[in-house]
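**Student:** Okay, structure incoming, though there's no sequence with it:
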């Protein structure tokens with residue numbers, strides 16, 4: 001029997017469940033962790049301290065697992081573009097916004113990414129969008145809108161912070177679609193490691209200009225945030241994300257990130273002392289429905305019985 005290719009898949013595969021679970025837990029819990037980090041360190045300084053070690057970790061995993069870390073010369077240009085959108089644009093913009101907005105709400109704004117990626121995919125990849133996915137995307141966006149709820153006031157009080165995070169979501173979405181379109185012939189960990197290392201360079205060069213003072217020994221909380229973003233959010237979760245992007249259509253891989261902001265909101269409540277209300281529970285229900293619509297395998301259509309000659 002012929003196996004479905006990534007271009008024809010309409011749902012998540014069993015092999016992708018582990019990466020989805022890793023993303024949900026690691027990136028979801030990272031939002032309050034990031035808040036601790038950028039509350040003490042300047043955003044670009046924080047990323048300049050975490051990205052290169054996470055990148056080297058990915059390259060080391062690739063090397064020790066038998067993969068090559070060499071990049072053919074013709075691929076460097078595309079690799080640089082992917083790094084700028086997936087790593088530099090995303091990390092630089094989102095951390096500046098996170099400084100001024102609550103962690104959970106920042107996560108919701110950032111994870112409008114699926115709708116942008118689906119739109120980019122329709123334009124650049126001509127990926128079909130079924131009615132089921134459209135309805136699922138509508139439920140997911142409705143869940144995010146409900147969760148924003150009363151926090152619309154943040155757009156009035158700190159409009160630049162909201163725009164920065166939305167810009168980060170658009171940058172990430174465009175980079176995701178380019179990654180799917182170009183399909184660079186590199187091992188996944190090698191691709192991820194080099195993207196992170198190249199994306200770190202502009203952030204590191206700009207970090208001194210945005211630093212608020214001399215770099216001091218971080219507190220235990222900030223040190224935990226640095227280590228978490230190197231070992232888990234930087235290395236493990238990036239492996240999971242780029243695995244999904246390379247093996248699933250953009251609509252499916254992007255929507256698989258929808259549980260992340262929900263975990264981010266509740267993690268922020270747990271760590272920062274907030275309490276869930278009706279809006280949080282309503283949003284959670286809407287996002288679960290969206291996940292089921294987009295990722296649950298459709299019923300197989302029974303093959304027509306052969307008629308007797």
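**Tutor:** Okay, I see it. Remember, predicted model here, so these are calculated numbers, not experimental data.
**Student:** For residue 73, grab the count of nearby residues.
**Tutor:** 7 (other C-beta atoms under 10 Å). No exception for glycine: its C-beta is placed from N, CA and C like everyone else's.
**Student:** what's the spacing between it and residue 207?
**Tutor:** Distance from residue 73 to residue 207, counting by C-beta to C-beta, to the nearest Å: 29 Å.
**Student:** which intervals of the stretch 101-250 of the chain have sub-threshold pLDDT?
**Tutor:** 147-159 (pLDDT under 70).
**Student:** ranges for the helices of it?
**Tutor:** All helices of the stretch 101-250 of the chain, identified by DSSP state H, counting those that start in this stretch, fall at 103-110, 113-124, 131-148, 153-157, 159-182, 188-210, 220-230, 237-247, 250-255.
**Student:** And those helices: which comes nearest residue 23?
**Tutor:** With respect to residue 23, and counting by C-beta to C-beta, the nearest of those is helix 237-247 at 5.0 Å.
**Student:** nearest to residue 286, of the helices of the stretch 101-250 of the chain?
**Tutor:** helix 131-148 (3.3 Å).
**Student:** now for the helices of the stretch 101-250 of the chain, which one comes closest to residue 31?
**Tutor:** In terms of C-beta to C-beta, the element of those nearest to residue 31 is helix 103-110, at 4.2 Å.
**Student:** which residues are contacting that closest one?
**Tutor:** Under the criterion C-beta atoms under 8 Å, 6 or more residues apart in numbering, residues 28, 31-32, 34-35, 94, 97-98, 101, 144, 147-148, 151, 154, 162, 165-166, 168-169, 172, 260-261, 264-269, 272, 274 lie in contact with helix 103-110.
**Student:** are any of those residues buried, and which?
**Tutor:** 28, 31-32, 34-35, 94, 97-98, 101, 144, 147-148, 151, 154, 162, 165-166, 168-169, 172, 260-261, 264-269, 274 (16 or more other C-beta atoms under 10 Å).
**Student:** hmm, back to that, got the helices of the stretch 101-250 of the chain as JSON lines, with distance to residue 284 columns?
**Tutor:** JSON lines is the format used below for these (distance: least, C-beta to C-beta, whole Å):
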{"stretch": "helix 103-110", "distance to residue 284": "12"}
{"stretch": "helix 113-124", "distance to residue 284": "16"}
{"stretch": "helix 131-148", "distance to residue 284": "7"}
{"stretch": "helix 153-157", "distance to residue 284": "21"}
{"stretch": "helix 159-182", "distance to residue 284": "20"}
{"stretch": "helix 188-210", "distance to residue 284": "30"}
{"stretch": "helix 220-230", "distance to residue 284": "24"}
{"stretch": "helix 237-247", "distance to residue 284": "21"}
{"stretch": "helix 250-255", "distance to residue 284": "16"}
